[in-house]
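**Q** sharing a model that was predicted from the sequence below.
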Amino acid sequence: MTRYPAREPSILLTPLYGPEFTAAPERTYEHLRASYGDCAPVELAPGVRATLVLSYRAALQVLRDPVGFRRDPRPWQHTVPRDSPVSGTMSWRPNAMFSDGDEHRRLRSAITDALGQVNHGALRRDIVAVADGLIDRVAAQGRADLMTGYALPLLMMVFTRMFGCSDELAERIMLGVQRLFDGSDPAEANRVLDETMQELLDRKRGAPGDDVVSRLLAGRARLSDDELKHTVLVLMGAGSEPAANLVGGALVELLTNADLSEGLSGGTVAVDAAIDEILWRRPPMSNYGISYPVRPYPLYGNLLPAGEPVVVSFAAANADPAAAGRDAGDDRVGNRAHLAFSSGAHACPVPSMALLLAATAIERLLERLPGMTLACPVEQLPWRVSPFSRGLSALPVTFPPAPVTARQHVPVAAGPPEPWAPPAPRVRSGVLAALARWWRGE
Ligand code: HEM
């Protein structure tokens, strides 16, 4: 097994891009584990070197050492060309993800305070209402693409409602993100996006509501306008893309795994099992938790160079035979020791909300459209693979045409009725894809 000082110029860097990695990322992780052990030298994009952490024990050590590793990329990022495919994801922004110490605690507490006040019963009703609106659009057709026609728009619509955004403003924000990624005039796109986010803040200042943006504005953390804009954007990106990937992945599992599909009549049991399976086997954020060693860092016989990115492979760490809980057979249902939500100070702040979003979206779909099957062989499903995430770009299914009966299905018994009807999904799927690309760093 090779140990490496990662800056050794002659060392072969394994790319986390290109056809070989994209075809089967798991093969790359296993090959790297066999060759290097706990961590390996990789390339995130042409010319962008990093260390990929592969073992469960090393992942926990890196994620839980805020003194040895910093999240602020500014000392490093000037070494990367601005047009590098990873600079969108890895460049600094004034939000919790890229901050350390007291600054991180302040920015993160704004998020946990604002999201902590979200009523999960009301959120569940919103998810069901939006889901019903989307299902109604395809119920009679007997076929649908569940990624562009369900999972992605559902998550974005639920989020924009949670943030108190009007449909019109939400669409402008999405369009701004899309223009950013069209790449023709990024400066202009940034200006438009900034202006639109400012308008959202101004509107909420003038007329606060019971929503996340109003709570961020009123919060104790006293975020500047710049921090507020980037916090809203990171919540939209960090929330919608991995959750949509989880919904898509778990649906495939439910439709193709005989044990689970038999248990579908058992409802939530099968759905929870499929979600656990995906969080272990194909975590939506496959490699993330990016940090930079403050000084050369010894890690299980390797020496990680100061200032060079270290990326934790949640996918590889979960597959590590020594991962926590793996010794008790391979039954992963109910075992939450996986790293899909990361660990340490930067771990996902709202795993229970993420699980609620995914489980409710899946349960509602299966309830309304029984008898669903994949419209293509599972091997032909198109996966989008980036160095950081893995998700389906399409999930074509067929089902016996079902009645359009959404209004009857919206449960009102759980609380007071909401004065809101699900809007038509006006946000173009291209815009949603652009937000997802921004988040994935493509
Ligand atoms: C299935 C869904 C989700 C998965 C798998 C997931 C996973 C993750 C992961 C792996 C991280 C990175 C942790 C790190 O850098 O070490 C993260 C961070 C984060 N997630 Fe989630 N997440 C999900 C849903 C959500 C949702 C619904 C929200 C918000 C509404 C959210 C908000 C955040 C935020 C704000 C951070 C940054 C925290 C910080 O740096 O302190 N996530 N998430």
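**A** Yep, that arrived.
**Q** what does the protein put close to the ligand?
**A** Within the chain, the positions near the ligand by C-beta under 6 Å from any ligand atom are 63, 96-97, 108, 111, 115, 234-235, 238-239, 242-243, 246, 284-285, 288-289, 340-342, 346-350, 353-354, 357-358. Using the backbone N, CA and C atoms, a C-beta is placed for each residue, glycine as well.
**Q** the stretch 151-300 of the chain: strands as residue ranges?
**A** According to DSSP state E, counting those that start in this stretch, the stretch 151-300 of the chain carries its strands in the segments 287-293, 297-299.
**Q** count of neighbours near Gln141?
**A** 12 (other C-beta atoms under 10 Å).
**Q** the one 10 residues further on now?
**A** Residue crowding around Ala151 was assessed by other C-beta under 10 Å; the count is 30.
**Q** and it, how far from Gly121?
**A** Noted for Ala151: a distance of 22 Å to Gly121, by C-beta to C-beta, to the nearest Å.
**Q** just Arg205 next, same as before
**A** Arg205 sits 28 Å away from Gly121, going by C-beta to C-beta.
**Q** now do Ser240
**A** 21 Å.
**Q** so where's the longest helix in this protein?
**A** Ranked by residue count under DSSP state H, the longest helix found in the chain is helix 225-256.
**Q** now do that one against strand 287-293, angle only.
**A** Put simply, helix 225-256 runs at 140 degrees to strand 287-293, going by axes from the mean of the first three to the mean of the last three C-alpha atoms, to 10 degrees.
**Q** which parts of helix 225-256 are buried?
**A** Going by neighbour count (16 or more other C-beta atoms under 10 Å), the buried part of helix 225-256 is 227-255.
**Q** how far out from the middle of the chain is that helix?
**A** 4 Å (C-alpha atoms, centre = their mean, to the nearest Å).
**Q** related to what we said a few turns ago, of the residues of the chain next to the ligand, buried ones?
**A** 63, 96-97, 108, 111, 115, 234-235, 238-239, 242-243, 246, 284-285, 288-289, 340-342, 346, 348-350, 353-354, 357-358.
**Q** any weak-confidence spans in the stretch 101-250 of the chain?
**A** 174, 177-186 (pLDDT under 70).
**Q** can you pull out the helices in it?
**A** Applying DSSP state H, counting those that start in this stretch to the stretch 101-250 of the chain gives helices spanning 101-116, 120-138, 152-162, 167-182, 186-206, 212-218, 225-256.
**Q** next, format the ones you listed as TSV and append distance to Asn302.
**A** Below are those laid out as TSV (distance: least, C-beta to C-beta, whole Å):
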stretch	distance to Asn302
helix 101-116	26
helix 120-138	43
helix 152-162	38
helix 167-182	36
helix 186-206	37
helix 212-218	40
helix 225-256	29
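**Q** for the nearest residue to Phe98 once chain neighbours are set aside, which three-state class applies?
**A** What sits nearest to Phe98 in space, not counting adjacent residues and going by C-beta to C-beta, 6 or more residues apart in numbering, is Trp92, at 4.9 Å. Secondary structure, DSSP: H, G, I helix; E, B strand; the rest coil: Trp92 is coil.
**Q** and stretch 47-60, what's buried?
**A** Residues 48-60 are the ones in stretch 47-60 that count as buried (16+ other C-beta under 10 Å).
**Q** in helices, which of the residues you listed fall?
**A** Counting by DSSP H, those contribute Tyr56, Arg57, Ala58, Ala59, Leu60 to helices.
**Q** ok, the residues you listed vs the ligand, which is closest?
**A** Distance ranking of these against the ligand, using C-beta to the nearest ligand atom, places Ala59 first at 9.7 Å.
**Q** so what pLDDT did that closest one get?
**A** The per-residue pLDDT reported for Ala59 equals 98.
**Q** show me where the stretch 251-400 of the chain has helices.
**A** 258-262, 268-281, 314-319, 351-368.
**Q** what's the third one packed up against?
**A** Helices and strands in packing contact with helix 314-319 are listed as helix 25-36, strand 48-53, helix 56-63, helix 268-281, strand 287-293; criterion 3 or more C-beta pairs under 8 Å, 6 or more residues apart in numbering; DSSP states H and E.
**Q** any idea which of the ones you listed has the lowest pLDDT on average?
**A** Mean pLDDT per stretch puts helix 268-281 lowest among those, at a mean of 89.
**Q** next, the buried residues of that helix.
**A** Buried, per 16+ other C-beta under 10 Å, within helix 268-281: Ala270, Val271, Asp272, Ala273, Ala274, Ile275, Asp276, Glu277, Ile278, Leu279, Trp280, Arg281.
**Q** now do the contacts for the fifth one.
**A** Contacts for Ala274 were tallied using C-beta atoms under 8 Å, 6 or more residues apart in numbering; they are Ala250, Leu251, Glu253, Leu254, Asn257, Leu260, Ile362.
**Q** could you give the angle of the longest helix of the chain to helix 101-116?
**A** Counting by the same axes, to 10 degrees, helix 225-256 lies at 60 degrees to helix 101-116.
**Q** quick check: angle from helix 225-256 to helix 152-162?
**A** 140 degrees.
**Q** I appreciate the help and will end here.
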